[in-house]
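[1] okay, here's the prediction I keep looking at, along with the sequence it came from:
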Amino acid sequence: MDRLEYSTPTLKESETVISREQNVRLYDGHQKTSFEGGEIMLTSHRLLWGHREALTLNQICLSLSLKLVIYAEEESSSFSFSRSRKVILYLNEPHSDKNEGPQVRSTFNFIKLSFREGYRTDIVGHINETISLKKWEIVTVPSIKLRTGIVGIERSIQEKQKATKESISVAFQDLSKLMTMAKDMVQLSRLISNKIREKQGNVTEDETVQFKSYLLSLGIDDPVTRDTFSTEDQYFSNLAVQVSEIVKQPLEDAGGLLPLIDAFCRVNRARGLELLSPEDFLASCRQMERHNLYLKLHTFKSGVMVLRLASLSNEHVVNNTLELIEEKGSLSAEELAKLLGISVMLAKERLLTCEEYGVACRDDCIEGLRFYPNLFLKDL
Amino acid sequence: MPDNTAMEWPWQYQFPPFFTLQPHTETRTRQLSTWHNLVLDYFRTTRQYKLDLGEAQRLALFNNTEINRKCDREFILIILEELEKTKNSAPLDKTRNRWEIYWHTLQEWADIIYSYIVNRGATGSVLTFYELTHGDDVTEEEFKGMDDNILLKVLRVLEEQRKCTVMLYDDQQGVKFF
């Protein structure tokens, strides 16, 4: 009896009425209770007991969740002359989150329904069938979000993240498609440009120029890619040649020294697609010296790597820098960088090279590191 | 503060890199040898015998306020250790904080003092430490005003050569030259 709780006969979502019986009295175990002459209503979720008006007018009635019912059986009665029939409902332990009910505690773990006038439908069968269906376990997704509080916020954030994740992965799907397409595009454009060359007569000069400019804006028209070559060595050699071509102009503009990172960015920007990995780039730069290109990889003592014009020797750099130092009296890396329009890192490397050659000396004070002409050794 | 007016500074003293230890080997050698000479020069001119590393940066020697440069502590220690190599300095404690500076090495001092004694014909006589460093007869000598501890070290060198014997009583410190 303690499993029963006060409730209204209002049907919940997806709850359906299965059958109704009249004139029912409730028993707590074997004991009669004062709940008599009521009507029971079996729904897919609950068993309701109440007076006729209560059930029809949606007033308070007693409710037993079918979750708690193990099974129902009819009590075999010895008094066959009576029309009264009893049904026993064996019950599970009550849930702790149960609403208030008519009885707080009960020693029995079953209740009896006593049908004074028998029953019209096969109520026992209905109950057992409904229990086995377990409709209450089928959770329908609520259409309206009523979640509030921290949990609600957290859930909504989670949902947003999920959505973002999905949209990102969709976006990248497109990107990889674009990449595969781009390769074809480049091939196609090369084909077309070849055809144009063949039939130069049919196409006007303007159109050829225009088409070429389109190709250029796509990047290099023929990037050196790994799969074109059979061996790594060959690949790197060819790459080295291409890199040296791309970097030539900026290298000269920068005064013969270009940080490897800058060169790497420039090369990859020029390639547009078919990007180089840093490892491949470095490997190709290491090959430069071997191929007698006009630039080579140079590593400063500090570990900073630069591409340098092969014609540019250390002595050359030292002399140029020393001239500047002597002209200004003393120089910090920042000042030299400003003077030459190069990066501070490179300027510092130049000054350190001068020091290494013994033509400059350092002054490390609070204002920073400055370099002076090496008067210690000049004095002699 | 010692008197710096008599000091003649070398050109390097006005050169900011002089106050930074140079990493280039050859440059550093040249720089340290300049420091070596400058330090001894300074101590001779200002008649100092001792240096506390904690206060060294206050000396004009290591701190040129004109160009706003000074040697850091580590650099001064390197200079002192450089002096130690030529026996021109010696640390007084294990932490190498307090130093004695010998603008003449102890051996050189011993020779100077002994030749002074010989010249005066004072062999065989007994002199107190005070007479030897603050007496009226030594006002023109280089060892005038010498620190007693250093004097003792110098005399010990002579003692080893059997040229004198040091006599130490409670308050009286004397020496007899042979």
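    Nice, I can see it.

[2] please count neighbours and contacts with C-alpha atoms only from this point.
    Fine.

[3] now the residue in the stretch 201-350 of chain A positioned nearest to chain B. Nearest residue, chain neighbours left out?
    For the stretch 201-350 of chain A and chain B, the shortest gap (CA to the nearest CA) falls at residue A:330, measuring 9.9 Å. What sits nearest to residue A:330 in space, not counting adjacent residues and going by CA to CA, 6 or more residues apart in numbering or on different chains, is residue A:372, at 4.6 Å.

[4] so who does the one you found touch?
    Residues counted as contacts of residue A:372 (CA atoms under 8 Å, 6 or more residues apart in numbering or on different chains) are A:325, A:326, A:329, A:330, A:331, A:360, A:361, A:362, A:363, B:17.

[5] was I right about the second one contacting residue A:374?
    Read that as residue A:326. No - with contact defined as CA atoms under 8 Å, residue A:326 does not count as touching residue A:374 (9.8 Å).

[6] what about those two, which has more around it?
    residue A:374 (19 against 15; other CA atoms under 10 Å in any protein chain shown).

[7] so that one makes contact with residue A:358?
    Yes - here residue A:374 reaches residue A:358: they are 6.8 Å apart, a contact under CA under 8 Å.

[8] can you list residues touching both of these two?
    Shared contacts of residue A:374 and residue A:358, counting by CA under 8 Å, 6+ apart, come down to residue B:27.

[9] identify the residues contacting residue B:14.
    Here residue B:14 is in contact with B:64, B:67 (criterion: CA under 8 Å, 6+ apart).

[10] per-residue pLDDT, it?
    Looking at residue B:14, its pLDDT reads 90.

[11] please, where are all the strands along chain B?
    B:50-52, B:63-64, B:69-70, B:89-91, B:98-101, B:126-128, B:164-168, B:173-177 (DSSP state E).

[12] now those as JSON lines including mean neighbour count and mean pLDDT?
    Conversion of the strands of chain B to JSON lines gives the following (neighbours: other CA atoms under 10 Å in any protein chain shown; pLDDT from 0 to 100):
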{"stretch": "strand B:50-52", "mean neighbour count": "17", "mean pLDDT": "90"}
{"stretch": "strand B:63-64", "mean neighbour count": "18", "mean pLDDT": "90"}
{"stretch": "strand B:69-70", "mean neighbour count": "22", "mean pLDDT": "88"}
{"stretch": "strand B:89-91", "mean neighbour count": "21", "mean pLDDT": "91"}
{"stretch": "strand B:98-101", "mean neighbour count": "20", "mean pLDDT": "91"}
{"stretch": "strand B:126-128", "mean neighbour count": "17", "mean pLDDT": "85"}
{"stretch": "strand B:164-168", "mean neighbour count": "16", "mean pLDDT": "85"}
{"stretch": "strand B:173-177", "mean neighbour count": "18", "mean pLDDT": "84"}
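
[13] burial measure for residue A:121, as a count.
    Neighbours of residue A:121 (other CA under 10 Å): 11.

[14] what strand or helix carries it?
    Remark: residue A:121 resides in no helix or strand, with elements defined by DSSP states H and E.

[15] how about it, phi and psi?
    Main-chain torsions, residue A:121, degrees, to the nearest 10: phi -100, psi 170.

[16] next, name the residue at the spatial heart of the chain.
    Here I'm looking at chain A. In chain A, the residue lying closest to the centroid (CA atoms, centre = their mean) is residue A:165, at 4.3 Å.

[17] chain B, not that one
    Closest-to-mean residue, chain B, CA atoms, centre = their mean: residue B:102 / 2.6 Å.

[18] grab the nearest non-local neighbour of that residue.
    residue B:88 (4.7 Å).

[19] return the backbone torsion pair for that neighbour.
    phi -90, psi 0.

[20] mind listing what the residue of chain B found nearest chain A touches?
    Residue of chain B nearest chain A, by CA to the nearest CA: residue B:17 (4.1 Å). Applying CA under 8 Å, 6+ apart to residue B:17 gives the contacts A:361, A:362, A:363, A:364, A:371, A:372.

[21] which members of those define the maximum pairwise distance?
    A:364 and A:372 (10.8 Å; CA to CA).

[22] any idea how far the residue of the stretch 1-150 of chain A at minimum distance from chain B lies from residue A:163?
    Residue nearest to chain B within the stretch 1-150 of chain A (CA to the nearest CA): residue A:150, separated by 58.8 Å. Noted for residue A:150: a distance of 20 Å to residue A:163, by CA to CA, to the nearest Å.

[23] what's the answer for residue B:168, then?
    Distance from residue B:168 to residue A:163, by CA to CA: 96 Å.

[24] likewise residue A:369?
    From residue A:369 to residue A:163 the distance is 53 Å (CA to CA).

[25] just to revisit the earlier point, CSV please, covering the strands of chain B and showing distance to chain A.
    Putting those into CSV (distance: least, CA to the nearest CA, whole Å) gives the following:
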stretch, distance to chain A
strand B:50-52, 23
strand B:63-64, 12
strand B:69-70, 7
strand B:89-91, 24
strand B:98-101, 25
strand B:126-128, 46
strand B:164-168, 45
strand B:173-177, 46
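
[26] got the residues of chain B near chain A?
    Along chain B, the residues adjacent to chain A under the rule CA under 8 Å from any CA of the partner chain are B:12, B:16-20, B:22, B:24, B:26-27, B:30-31, B:69.

[27] for ChimeraX, what selects the buried ones among those?
    The following ChimeraX line selects those of the residues of chain B next to chain A that are buried, judged by 16 or more other CA atoms under 10 Å in any protein chain shown:
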select /B:12,16,17,18,19,20,22,24,27,31,69
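
[28] can you tell me which of the residues of chain B next to chain A end up in helices?
    B:26, B:27, B:30, B:31 (DSSP state H).

[29] so what's the first one closest to, chain neighbours aside?
    Spelled out, that is residue B:26. residue A:358 (7.6 Å).

[30] tell me the secondary structure of the one you found, please.
    coil (DSSP: H, G, I helix; E, B strand; the rest coil).

[31] cool, and the one 4 residues further on?
    Local secondary structure at residue A:362 is given as strand here, using three-state DSSP.

[32] can you pull out the low-pLDDT segments for chain B?
    B:1-5 (pLDDT under 70).

[33] which residue ranges make up each domain of it?
    B:11-101, B:106-177 (automatic domain parsing).

[34] contact residues of the stretch 251-380 of chain A facing chain B?
    So the stretch 251-380 of chain A meets chain B at A:355-356, A:358, A:361-365, A:371-372, A:374, A:376-377 (CA under 8 Å from any CA).

[35] which pair in the residues you listed spans the largest distance?
    A:365 and A:377 (21.2 Å).

[36] about what we covered before: what separation is there between the residue nearest to the centre of chain B and residue A:330?
    In this view, residue B:102 and residue A:330 are 36 Å apart by CA to CA.

[37] count of neighbours near residue A:109?
    17.

[38] show me the contacts for it.
    Here residue A:109 is in contact with A:1, A:29, A:90, A:91, A:92, A:93 (CA under 8 Å, 6+ apart).

[39] where do the helices sit along chain A?
    Under DSSP H, chain A gives helices at A:52-56, A:123-133, A:149-198, A:205-218, A:232-253, A:260-271, A:278-287, A:314-328, A:333-340, A:344-356, A:375-378.

[40] send me the first one as PDB with only the CA atoms.
    Coordinates of each C-alpha in helix A:52-56 appear next as PDB, following Å, rounded to 0.1, in the frame of the first residue of the first chain:
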ATOM      1  CA  ARG A  52     -15.800   8.000 -10.500                       C
ATOM      2  CA  GLU A  53     -16.000  11.800 -10.500                       C
ATOM      3  CA  ALA A  54     -12.400  12.100  -9.500                       C
ATOM      4  CA  LEU A  55     -11.300  10.100 -12.600                       C
ATOM      5  CA  THR A  56     -13.500  11.900 -15.000                       C
END
